[in-house]
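> Need a 3D model of the following:
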Amino acid sequence: MAKIGKKYEASAKLVDKPTYTLAEAMPLVKKAAYAKFDETVEVAMRLGVDPKHADQMVRGTVVLPHGLGKSKRVIVIASGDKVREGREAGAEESGGDDIVQKIQGGWLDFDAVVATPDMMKSVGRLGKVLGPRGLMPNPKTGTVTTDVEKAVREVKAGKVEFRVDKTGIIHCPVGKVSFAAEKLAENAGTLISSVIKAKPASAKGRYVRSIVISSTMGPGLPIDLASVEPA
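Here you go, the predicted structure:
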């Protein structure tokens with residue numbers, strides 16, 4: 001553990017300003033990452049909302065301009081022609097009740113599920129399995145839809161879901177340390193703008209309280225809010 005402590009300490013010393021713009025932060029996030037694997041870069045936004053109230057729940061999806069560095073494994077649960085549409089759009093598996101049964105049997109080798117509305121009765125039986133893993137299809141995030149092709153392509157292109165947790169914080173990945181700093185900054189900027197646009201009408205006072213960017217193992221860099229909020 002001491003070894004990791006020393007490496008982290010050395011990284012933490014690189015953070016020498018109270019706040020950074022996204023353009024300043026990303027080269028530093030890359031420099032401060034010291035793990036042997038390709039660390040994920042994550043944005044944490046603390047919001048002035050109370051998620052206990054349904055009208056203050058902040059959630060949505062955004063397609064990051066440069067994706068997340070790995071293509072997601074998408075499955076489709078549909079009927080009729082939509083099964084073929086899912087396959088043609090690039091889904092790893094596309095089917096109906098046979099897929100539902102496969103998941104009930106313990107199969108979970110996928111990152112996202114797209115379903116057509118007519119199949120939600122069957123998909124509903126998977127709530128206990130998919131729900132806790134954040135894999136349950138939802139009309140709000142565009143994963144319950146009749147436009148199967150568009151949904152599959154968007155997920156594959158780097159569509160991410162954001163959702164405020166019970167402490168009022170959104171955690172969301174925006175790429176890998178191996179990405180160019182400019183691409184990470186663009187991805188982060190796109191995510192932050194989407195969260196700002198998703199501000200509930202009932203949220204009072206300051207909406208974005210703080211933004212911190214870090215890699216999986218690296219120190220957090222506080223972002224200058226004035227540099228990312230619309231004028």
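> Wait, residue 125 touches residue 104, no?
Yes. Residue 125 is within contact range of residue 104, at 7.1 Å (criterion: C-beta atoms under 8 Å). C-beta here means a position set from N, CA and C on the backbone, and glycine is covered the same way.
> And those two? Which one has more around it.
residue 125 (14 against 11; other C-beta atoms under 10 Å).
> neighbours around the nearest residue to the more buried one once chain neighbours are set aside, how many?
Excluding the flanking residues, the one nearest residue 125 by C-beta to C-beta, 6 or more residues apart in numbering is residue 100, at 6.6 Å. Residue 100 sits with 18 neighbouring residues when counted by other C-beta under 10 Å.
> same deal with residue 132?
9.
> centroid residue for this structure?
Centroid-nearest residue in the chain: residue 160, 3.8 Å away (criterion: C-alpha atoms, centre = their mean).
> and it, helix, strand or coil?
Under DSSP: H, G, I helix; E, B strand; the rest coil, residue 160 falls in the strand class.
> how near is it to residue 50?
Remark: distance between residue 160 and residue 50 (C-beta to C-beta, to the nearest Å) = 24 Å.
> How about residue 41?
In terms of C-beta to C-beta, residue 41 sits 28 Å off from residue 50.
> got it, and residue 68?
For residue 68 relative to residue 50 (C-beta to C-beta), the value is 30 Å.
> Assess the claim that the residue nearest to the centre of the chain and residue 67 are in contact.
No. If you go by C-beta under 8 Å, residue 160 and residue 67 don't touch, sitting 9.3 Å apart.
> residue contacts, the nearest residue to residue 144 once chain neighbours are set aside?
Using C-beta to C-beta, 6+ apart and skipping residues adjacent in sequence, the residue nearest residue 144 is residue 137, 4.7 Å away. By C-beta atoms under 8 Å, 6 or more residues apart in numbering, the contact list for residue 137 reads 77, 113, 114, 115, 120, 123, 130, 143, 144.
> rewinding a little: so between residue 68 and residue 50, which is more surrounded?
residue 68 (20 against 16).
> so the residue nearest to residue 144 is in which element?
Secondary structure assignment for residue 137, by DSSP states H and E: no helix or strand.
> Next, it: phi, psi?
As for residue 137, its main-chain torsions (degrees, to the nearest 10) stand at phi -60, psi 150.
> any idea how far it lies from residue 90?
Using C-beta to C-beta, residue 137 is found at 17 Å from residue 90.
> those strands in this protein, which residues are they?
For the chain, strands defined by DSSP state E occupy the ranges 40-47, 59-63, 74-77, 93-95, 112-115, 159-163, 169-176, 208-215, 221-222.
> Bridged to the closest residue in space to residue 168 that isn't next to it in sequence, which residues?
Of all residues not flanking residue 168 in the chain, residue 47 sits nearest, at 5.3 Å (C-beta to C-beta, 6+ apart). Beta-bridge partners recorded for residue 47 (DSSP bridges): residue 208.
> Surely the residue nearest to residue 125 is in contact with residue 78?
No. Between residue 100 and residue 78 there is no contact under C-beta under 8 Å: 11.2 Å.
> Point out where this structure drops to low pLDDT.
Judged by pLDDT under 70, the chain has its weakly predicted residues at 1-4, 231.
> what about the biggest helix by length in the chain, distance to the chain center?
Using DSSP state H to define each element, the chain has its longest helix at helix 181-197. Taking C-alpha atoms, centre = their mean, to the nearest Å, one finds helix 181-197 lying 12 Å from the centre of the chain it belongs to.
> ok, now stretch 207-225?
Using C-alpha atoms, centre = their mean, the offset of stretch 207-225 from its chain centre is 16 Å.
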